[in-house]
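[1] got a sequence here, can you build the structure:
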Amino acid sequence: MSILPHESTEVVKLDLSAGSLHTTLVDGQPHIVLKPAVEELGLDYSTQVRKLKGRSWAVMGSAPTTGSDGKTYDMTVVPVRTFLMLLATVNENRIAYLHRKTLVAFQNETADAIEAYWTRGGAINERATDEQLDALQQQIEERRIRRALGLVQLIAAMDDTVDPKWKRSRQLHHYAEATGEVAEIAPEDRALLVETYLKDAGLSKDERRSVRSSFGRRISLAYEMQHGEKPKDSFGLVDGRERQVKSYTEADRPLFDKVWREFYADRYPAQQFLGGAA
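    Predicted coordinates for the structure are as follows:
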C-alpha cells in the first residue's frame, strides 16, 4: 500500500452508472472519501481499511475534507482506481440486499471498462465531458506519434540484410504518420509484397495461401536471374501478422506479371491484374 501526500482542494462529483460519488481533488486528481462511500454500500469501514492495507495495488492517505457539520476533518481518501478495485473484491452475497444492486452496478461497469481496455484498446464513458474527450483525444494523438517515431528508430536499427530501399520508404512513411502528412515515396521505392500482388489480383484467402509459397520462390529466382543477386529481406503483413518477407518494389511489378503469366494465368483465368492482362 502506498501513502498519498497530505494535500487537497475542492470537493467534486464523479458520475458512474449506479450514481454519483463525492470526491476531493488531490494534486488535481479525484479521490474518493472512503468512509461515507463504503458505508453507503453497506460495508464496514474498518474492515475495508484493513483490506486495503494488505493490497499492493492500493493507495491510501488522508486529506482535509468538509464534513456534514460544516467542519473540516482529516479523512481517509483513495484514488478512484483503488476504490473500484476494492469494490471488485467485495462479495455481493455478503452485504445487505438493500445495497446489493448498487454494488453490482459498480462492479459491472468496472468489468465492462476492463473488458473494453483489453479487447478494444480502451473504453469511452458515455457521460464523459467535452474536456475529458478532448484530453483522451490528445493522449491518443501523443501515443500515435510516439509509436510512429519508435518504428522509425526500430527500422533504423535493423541490420544490413534488410533492404535499404524498404527501410527508407518505411521510415518516410512513419515520419509522415507522426507529422500528419502524406509520405512522398517514389513509385520505384514503394514496397510490393507477394501477398499484396495476389490480393490485388482478386485471389481469395485460400487461393493466396495455396499459391503464395511457390509464387514467392519463382519471383525470388527470377529476381536473382535478372539482377545477379538474391532479393533482400523486409517485413510485411501476411494473414494479418507482421512477417519477414523478401523485399520488392513497384519497379519489380513487370517481373511479377511475367512470372504470373508463365505459371499461373491458366490456373486462374478469371483473375485480372492492375499491372497487365493475365
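[2] for the protein, what's the longest helix?
    Longest helix of the chain, by residue count under DSSP state H: helix 130-156.
[3] next SSE after that helix?
    Next helix or strand after helix 130-156 toward the C-terminus (DSSP states H and E): helix 164-179.
[4] could you check the angle helix 130-156 makes with that next one?
    For helix 164-179 against helix 130-156, the angle by axes from the mean of the first three to the mean of the last three C-alpha atoms, to 10 degrees is 160 degrees.
[5] for the next helix or strand after helix 164-179, name the packing helices and strands.
    Per DSSP H and E, the first helix or strand lying C-terminal to helix 164-179 is helix 194-200. Counting contacts by 3 or more C-beta pairs under 8 Å, 6 or more residues apart in numbering; DSSP states H and E, helix 194-200 packs against helix 205-227, strand 233-238, strand 241-246, helix 253-263. C-betas here are computed from N, CA, C, even on glycine.
[6] please point out which parts of the first one sit buried.
    Buried residues in helix 205-227, defined by neighbour count with 16 or more other C-beta atoms under 10 Å: 208, 211-212, 215-216, 218-220, 222-223.
[7] same question for the third one.
    Using 16+ other C-beta under 10 Å as the test for burial, strand 241-246 gives 245-246.
[8] give me the contact list for that strand.
    Strand 241-246 has contacts (C-beta atoms under 8 Å, 6 or more residues apart in numbering) with 193-195, 216, 219-220, 223, 231-238.
[9] now that strand, how far from the centre of its chain.
    Taking C-alpha atoms, centre = their mean, to the nearest Å, one finds strand 241-246 lying 21 Å from the centre of the chain it belongs to.
[10] within the sheet, what are the partner strands of it, with directions?
    Sheet pairing of strand 241-246 (DSSP bridges) gives strand 233-238 (antiparallel).
[11] run a quick neighbour tally on residue 37.
    20 (other C-beta atoms under 10 Å).
[12] just checking, it touches residue 24?
    No - Residue 37 is beyond contact range of residue 24, at 11.4 Å (criterion: C-beta atoms under 8 Å).
[13] mind checking the SS state of residue 74?
    What DSSP: H, G, I helix; E, B strand; the rest coil gives for residue 74 is strand.
[14] dig out what it forms beta bridges with.
    residue 64.
[15] pick out the most distant pair among the contacts of strand 241-246.
    Longest distance between any two of those is 20.8 Å, between 223 and 237; criterion C-beta to C-beta.
[16] as TSV, the buried residues of helix 205-227 with pLDDT and distance to residue 268 would be great.
    Shown next, in TSV, are the buried residues of helix 205-227 (pLDDT from 0 to 100; distance: C-beta to C-beta, whole Å):
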residue	pLDDT	distance to residue 268
208	90	11
211	91	8
212	90	13
215	95	11
216	94	16
218	95	15
219	95	16
220	94	20
222	94	19
223	93	22
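[17] so residue 177 makes contact with residue 149?
    No - taking C-beta under 8 Å as the definition, residue 177 is not a contact partner of residue 149, at 9.1 Å.
[18] more neighbours, the two?
    Using other C-beta under 10 Å as the criterion, residue 177 and residue 149 rank with residue 177 on top: 18 against 15.
[19] and the residue nearest to residue 223 when sequence neighbours are not counted, what does it touch?
    The shortest distance from residue 223 to any non-neighbouring residue, by C-beta to C-beta, 6 or more residues apart in numbering, is to residue 231 (4.9 Å). Residue 231 makes contacts with 163, 220, 223-224, 246-248, as judged by C-beta under 8 Å, 6+ apart.
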